[in-house]
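Student: model this:
(chains A, B and C)
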Amino acid sequence: MSPTSPMQCAASLGAGLLLSVLSLSLGASGSAMAAQATSSISPASQDEQILRIANGAEPGSLDPQQTSGTWETRIVRDLFEPLIAYSADGELIPGLAERWESSASGLRWTFHLREGLEWSDGTPLTAEDAVFALRRLLTPATAAHNATLYYPIVNARAVNTGTLPPDQLGVAAPDAQTLTITLSHPSATLAQTLAMSEAAPLPRHVIAANGADWTRPANMVTSGAFVLKEWAPQSHITLTPNARYHGAQNVTLDEVVYLPIEESHAALNRLRAGEVEIAYGVPASHYAWIQDNLAEALHTYPILGEYFYVFNLREGSPVADRRIRRALNLATRREVITERILGMGQIPSWHFVPEALSEHQGARFDFADWSMDRRMAKARELMADAGYGPDHPLELTLRYNTLEDHKKIAVALGAMWKPLGVQVTLTNTEAAVHYRDLALGDFEVGRYGMIATIADAYDFLNAFSSDNTSNAPGLSSPAYDALIEAAAREGDDDARRQQLHDAEQYLLDNDVVLPLYDYVTSSLVDPAISGWAPNALDVHPSRYLHIDTSH
Amino acid sequence: MSQTTPAPHGTGAASAFDGQPPAAPAGDSLTRDAWRRLKQNRAAMCSLVVMTLVVLACLIGPWLTPYELDEVDWNAIGTGPDLASGHIFGTDVNGRDLLTRTLHGGQISLSVALVATFVSLVIGVLYGAVSGYFGGRTDNLMMRFVDIMYSLPFMFLVILLMVVFGRNIFLIYAAIGAVEWLDMSRIVRGQVLALKKREFVEAAHALGVRDLQVVTRHLIPNALGPVIVYVTLTVPKVILLESFLSFLGLGVQEPLTSWGVLISEGKDMMETAPWMLLVPSAFLAATLFCLNFLGDGLRDALDPKTR
Amino acid sequence: MLSYTLKRLLQAIPTLLIVITLSFFLMRVAPGGPFDGERRLPPEIEQNLRAAYHLDEPLPMQYIRYLGDLVQGDLGPSFKYKDFDVSELISQGFPASLELGMWAILAALLIGVPLGVIAAIRRNSTADYVVMSTALAGIAVPNFVIAPLLALVFGVLLGWLPAGGWNGGAWQNLLLPVVALSIQQIAYIARMMRASMIEVLGSHYIRTARAKGLSEWKVILRHALRPAMLPVVSYLGPAIAGIITGSVVIEQIFGIPGIGRYFVQGALNRDYTLVMGTVVFYGALILLLNLIVDLLYSMLDPQIRYDD
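Tutor: Residues are numbered from 1 along each chain as shown, chains lettered A, B, ... in the order given. I've put the predicted structure just below:
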């Protein structure tokens, strides 16, 4: 290679070329970043009330009817107020409707909207917007996840399956301030259902004009305490106060920023560094540390969820034999799991419907008070009856969806059942595959978790009726179905409570499930925040929150 | 790769006036020569010893520890190193002995590393060398195939393999090997593109050596330098890729574990229970250090130019 | 050279088409779909969803529909992030991943190359071992350990830098992730550079150059460096593609709104459109970068030709 050939110079140019391309891209991206609306996350200053929340995950949408997870509804609730709202303690209070009443039969409900309601752009908010929203919710094209909750409304099912057009839905607006809802049978849970963010009235003028783009900050118009200022996917969602909100005078925050931080570890770091004020979700590995070091900020409270395993009751399954299922239930030491494996305040469960449900029915395993020795003895006896023991082991596959905690619990269960002669094989799969396989009955013992959409036991129990596609155990019991059917239509609270109690007791007596614990959730809230209260529904509307900046 | 030189004819120097050609000096086989040179490299030898110890520990250790891989010690959940309790390196979050699990994990990690690296080496080197040597349209087609393989969504590839082959540790090897050979092939191809214009290749052609032999006997050995080093770089990639897959439920299942999984579990406990991170990390780091010095030593020993 | 480049660019089209086709059908083979979650949806709702996303059409029809949209530049709406088009998600997320990646690669080149060269020149000396051992730390400690460690020490405990967030790419938010990302790359580049440099320094034309009486530095910089870069450049092609399309781990730990997570989350969520979008994007990048690498080969070593 001769040293001075032009090609050699070109070679150095080549490397320089690559580098220049790189730097140009840098420059381009730099200006792209500048061109984007980068009102980057403002540091909390002394005068401004800026609340930054580590919210867990990026919402799939900000259209109230396309959201279902708590991390999504949290934001939506700040933007849109339903007819019925929640207080800081999770109690139902008037929302956009100032009062409501039902007819004597419970079949006709009338809602009276507040006077002078406006959307954030000044357009009057009327009952027509509420009618529009409910019709849209049940329109098949919307494919709302919780549409079945609204089936008590006349023609709701027919509309949702496309048999009837949406205007046949049993909702009407006789005048601008009044909304009437007609039901085909009494519903004990209508108020709760209408308090869900997806039932909130929607700005039909904006949706008509913008179609699918109506949720962009430039287009969105809201009825809640805040408006959407900025939405940078995976980065932040910024809300600012809505001057036209009916309760605007009580809103003290200047800005709310939701950060989609998925790793609870990362959220904890940001909180400790003073970069967020609230973190939903706490890493289990640091729980004890947090109890020691951040006790003031830690709030652990039960929510409406249950962690359990389901047995496959179908013929051919190794746990189709009820004795085996009871033995496994007996041998499971729930307190060990909640106290030593998880240790985050979970509540060991001898029931199925969580205790936090204020009308907890009181169903319980009959062995709940037995000593461990007695339980193990009985368990061994049952296994022996079924033909299994340490000498003749039962091979069982335990399935769970991929998550660190699920793994720990599955491992613990395997260890607890080993003395009975059960050989457990653990299998984990990603969530999508896991739940699909369970629904199809492709499992033996599988992990399940249920979080209620509304505070009603029915939500937990109807999953096991024989016509439900979520019926993972494959329970097929006319008695159970009858109870669920009756509860769906029962108007009398006491009778309904009894029916649901009986249904739950049925599940326990027949070992359809292996309940482990009632969910609790932990949140970290900077002590400078006031107005935040733990509640079983895990709703903490930002309009109640206030930052004490004299810190 | 070993070549033997012809056996020497008589002993001692023969004079040209004997009428016989002078005796060829006693030669060494390539491997013996390389081995001798390797032995002189202290770092490499030291690494070899440590590596052997680690491998032995992982193979035999599990039989020697008082605890089982999946044995839960209810009284020692998440406790630190404690000679009295027998948990020399402490327990993990489930109460299982960390040392035992680390040794078991080593079996998985090392075997995955071995197989996947071997697969990627063999396929990558051959593919890249052939592609680079033949050039032109062959090279173009072969490299476009590589580009396509790069672009396919890896996660779905693994899921597909799982659907077809079920859940099997060899599956992990296959998936990882399938991905890693691509880099290797590009590196080798690059080397070969540069090498094939060298004089020794022209000489080989002139001597009538067949294409395949040119590739395997002449090009590949000369390209080995960066290849060996890249192999030592592939091993950690493979080990960590396996942990990534297992974490997603696509790889090793409980109670089996691997160093990558243990490190991943341990990193969450960095502040509160550092031994859970340090023990498997130490094993991994030691292995990688040794591999690298060994690799460098091998490269030096096999380098035809510095003989 | 020009005609070669043009030829390659033209070939990119059928290559990309093959990638798209294979990926499209590969995705659908995976069990589970975008609507499988904890709560099984009642059949009529699932039916509604499938209809809304055209998932109830026969697969070849969906494929044709997808290609038709693609040609018009429409990558479709994401299944999971329903308010955004895939093209928006990628174009909004890419700048962050790109910026992060570019700095990491720059650092890796500016530090890794000289380190490798020094180690090669001072082969088997103490300096060599020290340099290589330090570089090795970047390989031996996985970046999913380094990243949280950095965030913890500098972000939380010392408070010198933000513990996370992007803040429009402010240097304070860039520093830790770039360090975490580049440590590993520095190690790779340094090691490959060293091995390659040693090879080149032993070659006969270097001996010739030395014999001519050129100074050692001139020998190294003018004659040895370029051919020694070859394997490094080979490695860099796909490596750059991987790095600038984001590291899932770094992005999650530092909360960087890049596109790395889409590659993993997209698959896990069975977000078909998002996955396809990332495949198209990444595929185009790979083709481009490998082309650049091939062109660089012939600049680094003029004997390399492609027109056999």
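
Student: Nearest the geometric middle of chain C, what residue?
Tutor: The centroid of chain C falls nearest to C:G242 when counting by CA atoms, centre = their mean (1.5 Å).

Student: Does that one lie in a helix or a strand, and which?
Tutor: helix C:225-244 (DSSP states H and E).

Student: Report whether that helix contacts chain A.
Tutor: Yes - judged by CB under 8 Å from any CB of the partner chain, helix C:225-244 comes into contact with chain A at C:R226, C:M229. From N, CA and C alone the C-beta is placed, and that goes for glycine too.

Student: go on, stretch B:52-69?
Tutor: No - figure legend: stretch B:52-69 not in contact with chain A (CB under 8 Å from any CB); closest approach 10.4 Å.

Student: Show residues contacting that stretch.
Tutor: Stretch B:52-69 has contacts (CB atoms under 8 Å, 6 or more residues apart in numbering or on different chains) with B:73, B:86-87, B:96-97, B:99-101, B:103-104, B:106-107, B:110, B:255-257, B:283, B:286-287, B:290.

Student: just to revisit the earlier point, give me the distance between the residue nearest to the centre of chain C and B:A84.
Tutor: To B:A84, C:G242 is 48 Å away according to CB to CB, to the nearest Å.

Student: what about the chain, any weak spots by pLDDT?
Tutor: You didn't say which chain, so I picked chain A. Along chain A, the model assigns pLDDT under 70 to residues A:1-47, A:358-361, A:550-551.

Student: other chain: chain B
Tutor: For chain B, the stretches flagged by pLDDT under 70 are B:1-30, B:304-307.

Student: which parts of it sit against chain A?
Tutor: B:70-72, B:74, B:77, B:93-96, B:167, B:247-250, B:253-255, B:265, B:268-269, B:271-273.

Student: Those: which ones sit near chain C?
Tutor: Within the residues of chain B next to chain A, those near chain C by CB under 8 Å from any CB are B:L248, B:E271.

Student: Only whichever of the residues of chain B next to chain A are buried, select them in PyMOL.
Tutor: The following PyMOL line selects those of the residues of chain B next to chain A that are buried, judged by 16 or more other CB atoms under 10 Å in any protein chain shown:
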select buried, chain B and resi 70+71+72+77+93+94+95+96+247+248+249+250+253+254+255+265+268+269+271+273
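
Student: The helix or strand where A:L413 lies vs chain B: in contact?
Tutor: Per DSSP H and E, A:L413 falls inside helix A:404-417. Yes - residues of helix A:404-417 are located near chain B by CB under 8 Å from any CB, namely A:E404, A:K407, A:K408, A:A410, A:V411, A:A412, A:G414, A:A415.

Student: between those, which is closest to chain C?
Tutor: Closest approach to chain C among these (CB to the nearest CB): A:E404, at 13.8 Å.

Student: Touching, that closest one and A:H265? I think so.
Tutor: No - with contact defined as CB atoms under 8 Å, A:E404 does not reach A:H265; the gap is 11.1 Å.

Student: Please enumerate the shared neighbours of those two.
Tutor: With CB under 8 Å, 6+ apart, A:E404 and A:H265 have common neighbours B:D268.

Student: So between the two, which is more surrounded?
Tutor: The neighbour count for A:E404 versus A:H265, taken as other CB atoms under 10 Å in any protein chain shown, is higher for A:H265 (23 against 15).

Student: and that one, that one's in a helix?
Tutor: Yes - looking at A:H265 with DSSP: H, G, I helix; E, B strand; the rest coil, it is inside a helix.

Student: Return the subset of the residues of chain B next to chain A lying in helices.
Tutor: By the criterion of DSSP state H, membership of those in helices covers B:F247, B:E265.

Student: before we move on, back to that, quick one: is the helix holding A:L413 near chain C?
Tutor: No - counting by CB under 8 Å from any CB, chain C is not contacted by helix A:404-417; separation bottoms out at 12.3 Å.

Student: Restrict the helix or strand following that helix to CA atoms and write it as CSV.
Tutor: As assigned by DSSP H and E, the chain's next helix or strand after helix A:404-417 is strand A:422-429. C-alpha atoms of strand A:422-429 as CSV (Å, rounded to 0.1, in the frame of the first residue of the first chain):
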residue,chain,number,x,y,z
VAL,A,422,-47.0,-34.3,45.1
GLN,A,423,-44.3,-33.8,42.4
VAL,A,424,-44.8,-30.4,41.1
THR,A,425,-43.5,-29.2,37.7
LEU,A,426,-43.5,-25.5,37.3
THR,A,427,-44.3,-23.9,34.0
ASN,A,428,-44.4,-20.2,33.3
THR,A,429,-45.5,-18.5,30.2
